[in-house]
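Chemist: No sequence on hand, only this structure:
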C-alpha cells in the first residue's frame, strides 16, 4: 500500500531539520510568552532566565516547568497570551473549578490542531473518499471538535455523531457506510459488542479503521476491537492543555505514536528531580507548544509516564515516537475516558457532609470500566431504613456525577471498614492492569 | 410514651452477627426482639433490648454504627386478626409505616408489635383511642 501523508514535508522531514525548525519556533515562542504572559514571565524571572538565554532547543532545560497547579492558580486568563478579541474558541476538561482547565484558541491554533488530527486520519488510511464517524463527545471536550476538524481538513464526509445513542450510531454507520470510527476505545468496544449481538459479522461492518484515544487501553483490547469490528485500530494521544487529540498519533506500524514535533516539543524528565533524561529513558512526558498563540504552555508536565524513541519507522515518518503512557506520576485516573482525581471525590464528600473516608475501585469488565466508590457511613448519615441508606447512596452518586461527568456506583460501608495500610487509607484500587 | 430501638449498621461480612450478639451477651444484655433488613451490600439490624445504655456503649466501642430510633410498641392479643386490627387503625388514621416486627412474651398470652411509622405521636394516639395498650422501655425491662 502506498504510504500517504497529510503534510509530507513535515512528517518525513530529516531529524536535523525538524530540530532546526523547533529551535527557531522555540526562540520565537519564548519571547511571545515572556512578553504576553506575566505569570510565566515571573516564573522565568525567579529563575533568572531571560528570553535571550534561549537560543535553541538545547536551552529548553533552562525554562521553568508548568504544572496543573499553575493552570489552577492562573485560571482562567492567567496563561492567556493573546487578547480575547483574537481568540475564537475555548475547550475545557471536566472537573471542579479547581481542576478545570480552560484552553483558549485563536483561529491559527484551531488550524494547527486540526492539521494534527488530519495527519492522524491520513495515517490511519483516510482520504477524501472516506466517511468519518466521530463518536467522541462534542462540546467542551476536545475529542469531538478535534477529530471533526481533522476530518474536514482531509475532506472526508464527517458524521458529527457525538457519543452515546448506540442504536443511532449503528444506523448511521450502516446507512452511510462509515469507514473510519473515532471515539474512546471503550466506546468502540461497546459499539462492537452491540453490533455482534445484533448479528453483524466483521465483513458486514463497513468500517476499515478506527482512531481511538482519550483513555488508556491495552494491546489486548486493541486486538479484540480489531477482530470484532474488522478494522485496524489506531491510537491517538493529546490533552486539552496542549490542544487536544493529535499531539501524537499512530501509523500503520502500530508501535507507538508519532509526535507532531513541528508543533509540540517533547521531553522526558525524572518526575522527582525534574532532570531531563536521555532518549529511551522512562520518565514523565513534558510538552512545549511551539507555535500556539493563545494558550502556549512551555514545559507543561503531563504526569504521563512514557518513553520516546527515534527508531526509524517503516511508515517513513521521521517524527519521534512515544510509547503508550505506562502510568501516571500523580494520582489521576482515567475512567471511561474521563479524568478523575481522588481529591474530587473528597470534595464531594465534604460538601455533602461526609467524612472523607472513601475508596475508589476501578475495574474493567469486558471492555468497559466499572467505577465503584465505597464511603464510610457516619452516625449522622445513618438511618434505620434500607431506603434511607440507598437514597443517600444515590444522592452521593448524583453529586459525584455532577462533579466528574461520569456516574460511579456508591456503596455506604461501616465506619473504619476501609482498609488502612500503615495508618494511611488506600484511596484507589485499580484492577484494570492497564500498565505493566 | 416511647419505646427505643437500637439500630445497627451491619456489613455483609461473615461473622458480624456473631460478633454483635457475643458482645451483647458478654455485657449481660438480653435481646427481646430482633429484625434485620438486608440488601446485597449491607444489613440494618434492629434490636429491642433490656438495657439500651449498655448495648449502645459496648457496640459503639467495638466500632459499630448505632442509632437509637424511637418506635411504637403495642401489645396485642395472641389471637388471629389482632395484628390486622391494629394495622387497620393506623391505616385509617393515614399513618405511613416503614416496617414492623413482632415478638411473643414468655409468660403472658400476648404478642408485642414494634412499629416504625412516620408519626409516632399520631400512631400512639390512634392505637390508644382504639383500645390498644402501648408498651415502653420500662415495660420491656419487665418482660
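Modeler: Happy to help now that I have it. Everything numeric here is computed off the predicted structure, so don't read it as measured data.
Chemist: which one's the longest strand in chain B?
Modeler: strand B:66-77 (DSSP state E).
Chemist: in it, what counts as buried?
Modeler: By neighbour count with 16 or more other Cβ atoms under 10 Å in any protein chain shown, strand B:66-77 contains the buried residues B:66-67, B:69, B:71-76. Using the backbone N, CA and C atoms, a C-beta is placed for each residue, glycine as well.
Chemist: restrict those to those near chain A?
Modeler: Restricting the buried residues of strand B:66-77 to those touching chain A (Cβ under 8 Å from any Cβ of the partner chain) yields B:66-67, B:69.
Chemist: Include distance to residue B:33 and pLDDT when you put those into CSV, please.
Modeler: Formatted as CSV, these follow (distance: Cβ to Cβ, whole Å; pLDDT from 0 to 100):
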residue, distance to residue B:33, pLDDT
B:66, 17, 93
B:67, 17, 91
B:69, 13, 92
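Chemist: What helices and strands are in contact with the longest strand of chain B?
Modeler: strand B:3-11, helix B:52-61, helix B:82-92, strand B:110-117, helix B:120-129, strand B:133-135 (3 or more Cβ pairs under 8 Å, 6 or more residues apart in numbering or on different chains; DSSP states H and E).
Chemist: The residue in chain B that chain A sits nearest to: neighbour count?
Modeler: Relative to chain A, the nearest point of chain B is residue B:7 (3.9 Å; Cβ to the nearest Cβ). Per other Cβ atoms under 10 Å in any protein chain shown, the neighbour tally for residue B:7 reads 21.
Chemist: quick one, what contacts it?
Modeler: A:382, A:384, B:44-47, B:66-69 (Cβ atoms under 8 Å, 6 or more residues apart in numbering or on different chains).
Chemist: what's the answer for residue A:10, then?
Modeler: Residue A:10 touches A:18, A:262, counting by Cβ under 8 Å, 6+ apart.
Chemist: which SS class is it?
Modeler: helix (DSSP: H, G, I helix; E, B strand; the rest coil).
Chemist: Model confidence score at residue 50, please.
Modeler: Let's take chain A. With respect to pLDDT, residue A:50 has a value of 97.
Chemist: Chain B is the one I meant
Modeler: Confidence score, pLDDT, at residue B:50: 90.
Chemist: How is the chain partitioned into domains?
Modeler: The chain I'm using is chain A. Domains of chain A are assigned by automatic domain parsing as A:8-330, A:334-430.
Chemist: You answered for a different chain; I wanted chain B.
Modeler: Split by automatic domain parsing, chain B gives B:3-69, B:71-142.
Chemist: related to what we said a few turns ago, the helices and strands packed on strand B:66-77 into CSV, with extra columns for distance to residue B:25?
Modeler: Formatted as CSV, the helices and strands packed on strand B:66-77 follow (distance: least, Cβ to Cβ, whole Å):
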stretch, distance to residue B:25
strand B:3-11, 15
helix B:52-61, 10
helix B:82-92, 30
strand B:110-117, 21
helix B:120-129, 30
strand B:133-135, 24
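Chemist: ok, residue 119 - how many residues close by?
Modeler: You didn't pick a chain, so chain A it is. By other Cβ under 10 Å, neighbour count at residue A:119 equals 27.
Chemist: Can you look at chain B instead?
Modeler: Around residue B:119 there are 15 residues (other Cβ under 10 Å).
Chemist: That one reaches residue B:95, doesn't it?
Modeler: Yes: Residue B:119 lies in contact with residue B:95 (Cβ atoms under 8 Å); the separation is 5.7 Å.
Chemist: what sits against residue B:45?
Modeler: B:7-10, B:17, B:20, B:34-36.
Chemist: Right, I'll call it a day here.
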